[in-house]
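>>> test case, fold it:
(one chain, ligands or ions: 1)
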Amino acid sequence: MERARSTSVPPLVSRTTEVDAPPFAAAFDALSAPRTTWSAPDDALVLGSGAAATLAASGPDRFAEIRSAAADLFDSGDVHAGTEAARPRVFGGFAFHEGACDGDPWGTFPEARFVLPRVQLTFAENGAWLTVNAAGPDAAVDAVEDRLAAETERLAGIDDGSDADAPPRPGIAETRRTTSRAAWRASVEAAVDRIRGDDLRKVVLAQALEADLAGEFPLAATLERLAGKYPDCHRYCFEPDGGGSAFFGATPERLVSLRGRTVETDALAGTTGRGETPSEDEWLAQELLEDAKNVHEHRLVADTVREQLEPFAASVSAGDRRVRRLATVQHLHTPITAELDADRHVLELVEALHPTPAVGGLPPDRALETIHETEPFERGWYAAPVGWIDAAGNGAFAVAIRSAVATPRRATLFAGVGLVADSDPDREWDEIQLKYRPILDELEAGDESAGAGDD
Ligand SMILES: C=C(O[C@H]1C=CC=C(C(=O)O)[C@@H]1O)C(=O)O
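This is a model prediction of the structure:
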């Protein structure tokens, strides 16, 4: 069994001060790799830089190994934080399944990797906070306090970029699909046959789209634009050691958040487009709420999430099914909350829930087998859990959809759809194109872009 590797070991020293922070994009550009960003509708925006400790793991025990490495790291913390959100956290994610990072563009992404940032800038409701973390035998309070003073000064000297225009979108020179329309039709028909044959109840099949960029990819500006357009989504960005590429996105799907014994999660599945007018939007939403295929596809997710939480919970309750409206699509959404029956670590819940049938399928083993046999690319961290963990075992995780891996001149986008017995290949193809839009819109540079055609 491979053990989680920690490049640094406790003790952990962490100091925080309140700062006047520059705008997010200016701070992001000024900080060094590996950089991490995390932000959720009910959470502070955190920007991490460097690694005071890196926890990595692979294989079937990767969730447990990260949990135990994080417990070791946080075990002997000497932490002074001015506010809850600025306390040290490790940020990172997991591969969708074992072996999912064996191939392009995932070469630099381990199957599980969490980083305690050396420098953590937190934009919270009660102000901006700068945290410096150190871990390992050489971690010393004096050195951390000196570094905090130096980083505060450095932050104050960052040009806030207010005189400069945000860098433009890079434009797309060329795109390549992993899956032709003919191959897609054949795959969907084969999956639907399996579902009708009782072998499978649901499977989520995905595609990837590789885009050669016409100009340099402006990561900070892209993250800032996504934040403006998707304020209700979880936004995330992870650079592997040394930087050079980044996995990022804006996902509407929370996997799980745990604070104390209170769990919040979402069932999100079943999709339609946006209308041209408010009344068309409303009509589409109503049709989605009543559509038997989408309701079935959604119910499988909501029921499974509830069932998976039950063994941990004193109570589980689900809200009404509703429509979640995003900039490019509308989804069926059921919010689910639970109270745990005992203290648990958030990664126990992550492991139990992933992959939900919103990104895997049912039964899970058969769905994963179908995904392996069908998809001609590796999912890597796409559709997998990304988020953070703190010293108390609290944390928040999102499902990394509406995402891409980007290097300065290339981006690979991912999108998938849930298939049930009456799924139609062409409608599902169109849905995939809609799900590329959040990232594609940030890559295309108006008219001069080649864009992603229909076939
Ligand atoms: C797998 C994806 O979306 C999932 C989440 C919401 C709705 C979905 C659907 O309607 O098919 C998918 O289950 C994706 O965006 O790549």
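>>> near the ligand, which residues of this protein?
Within the chain, the positions near the ligand by C-beta under 6 Å from any ligand atom are 204, 206, 253, 268-271, 331, 358-359, 383, 401-402, 415-418, 435. C-betas here are computed from N, CA, C, even on glycine.
>>> the protein: helices as residue ranges?
24-30, 62-75, 141-156, 181-196, 219-229, 278-290, 292-309, 346-353, 364-374, 425-443 (DSSP state H).
>>> out of the residues of the chain next to the ligand, which end up buried?
Burial by neighbour count, judged by 16 or more other C-beta atoms under 10 Å, picks out 204, 206, 253, 268-271, 331, 358-359, 383, 401-402, 415-418, 435 from the residues of the chain next to the ligand.
>>> how about the residue most central in space within the chain: what's its closest non-neighbour residue?
With distances taken as C-alpha atoms, centre = their mean, Ala400 lies nearest the centre of the chain, 3.1 Å away. Computed as C-beta to C-beta, 6 or more residues apart in numbering, the closest residue to Ala400 that is not its neighbour in sequence is Val386, at 4.6 Å.
>>> who does the one you found bridge with?
Counting by DSSP bridges, Val386 forms beta bridges with Gly93, Ala398.
>>> pretty sure it is touching Ala396, no?
No: Val386 is beyond contact range of Ala396, at 9.8 Å (criterion: C-beta atoms under 8 Å).
>>> which of the two has more residues huddled nearby?
Legend: neighbour count by other C-beta atoms under 10 Å for Val386 and Ala396, higher for Val386 (26 against 23).
>>> list the contacts for the closest residue to the ligand within the stretch 151-300 of the chain?
Residue of the stretch 151-300 of the chain nearest the ligand, by C-beta to the nearest ligand atom: Thr271 (3.5 Å). Applying C-beta atoms under 8 Å, 6 or more residues apart in numbering to Thr271 gives the contacts 288, 294, 329-332, 417, 431, 434-435.
>>> now for these, which sits with the most neighbours around it?
Counting neighbours by other C-beta under 10 Å, Leu332 leads the contacts of Thr271 with 25 neighbours.
>>> please name the nearest non-neighbouring residue to that residue.
Gly270 (3.5 Å).
>>> the one you found and Glu290 touch, don't they?
No: shown here, Gly270 and Glu290 do not form a contact pair, counting by C-beta under 8 Å, at 11.1 Å.
>>> can you tell me the residue of the stretch 1-150 of the chain closest to the ligand?
Closest point on the stretch 1-150 of the chain to the ligand, by C-beta to the nearest ligand atom, is Phe96, at 10.8 Å.
>>> the residue most distant from the middle of the chain, which is it?
Asp142 (35.6 Å).
>>> report the contact partners of Asp437.
Careful, residue 437 is Arg and not Asp. 327-329.
>>> gap between it and Thr334?
Arg437 is 24 Å from Thr334, where distance means C-beta to C-beta, to the nearest Å.
>>> equivalent analysis for Leu130, please.
39 Å.
>>> go on, Ala383?
19 Å.
>>> now the nearest residue to Ala30 once chain neighbours are set aside: phi and psi?
Ranked by C-beta to C-beta, 6+ apart and with sequence neighbours excluded, the top spatial neighbour of Ala30 is Ile158, at 4.7 Å. Dihedral pair for Ile158: phi -70, psi 130, per degrees, to the nearest 10.
>>> these two touch, right, Ile158 and Pro22?
Yes: contact criterion C-beta under 8 Å: Ile158 and Pro22 qualify, at 4.5 Å.
>>> neighbour count for those two, which is higher?
Between Ile158 and Pro22, counted using other C-beta under 10 Å, the more crowded position is Pro22 (21 against 15).
>>> so where is the protein shaky, pLDDT-wise?
1-10, 446-455 (pLDDT under 70).
>>> walk me through the domains of it.
Per automatic domain parsing, the structural domains of the chain span 5-156, 172-448.
>>> rebuild the ones you listed as TSV, extending it with distance to Ser162.
Formatted as TSV, the domains of the chain follow (distance: least, C-beta to C-beta, whole Å):
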stretch	distance to Ser162
domain 5-156	8
domain 172-448	13
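>>> what is the neighbour count of Trp429?
By other C-beta under 10 Å, neighbour count at Trp429 equals 18.
>>> mind listing what it touches?
Counting by C-beta under 8 Å, 6+ apart, Trp429 has contacts 181, 184-185.
>>> only whichever of those residues are buried, select them in PyMOL.
A single PyMOL command selects the buried members of the contacts of Trp429 (16+ other C-beta under 10 Å):
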select buried, resi 184+185
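>>> relative to Ala318, which of the contacts of Trp429 is nearest.
Of all the contacts of Trp429, Trp184 has the smallest distance to Ala318: 33.0 Å, by C-beta to C-beta.
>>> apart from its neighbours in sequence, what residue is nearest that closest one?
Trp429 (5.6 Å).
>>> ok, now Phe123?
Phe123 sits nearest to Leu45 (C-beta to C-beta, 6+ apart), 4.2 Å away.
>>> ditto for Leu121
The nearest residue in space to Leu121 (C-beta to C-beta, 6+ apart) is Leu47, at 4.5 Å.
>>> bridging residues for that neighbour?
With DSSP bridges applied, the residues forming beta bridges to Leu47 are Thr37, Leu121.
>>> residue numbering should commence at 40 henceforth.
Right, with 40 as the first residue, what we last looked at is Leu86.
>>> ok, now which ones touch it?
63, 66-67, 70, 74-76, 159-162.
>>> distance check, it against Phe162.
8 Å.
>>> find residues that contact each of those two.
Joint contacts of Leu86 and Phe162 (C-beta under 8 Å, 6+ apart) are Phe63.
>>> all strands for the stretch 40-189 of the chain, in order.
Using DSSP state E, counting those that start in this stretch, the strands of the stretch 40-189 of the chain run over 44-45, 51-58, 74-78, 84-88, 92-96, 116-119, 128-133, 151-155, 158-163, 166-174.
>>> reformat the ones you listed as TSV; add distance to Gly358.
Shown next, in TSV, are the strands of the stretch 40-189 of the chain (distance: least, C-beta to C-beta, whole Å):
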stretch	distance to Gly358
strand 44-45	40
strand 51-58	36
strand 74-78	23
strand 84-88	26
strand 92-96	34
strand 116-119	36
strand 128-133	27
strand 151-155	31
strand 158-163	27
strand 166-174	33
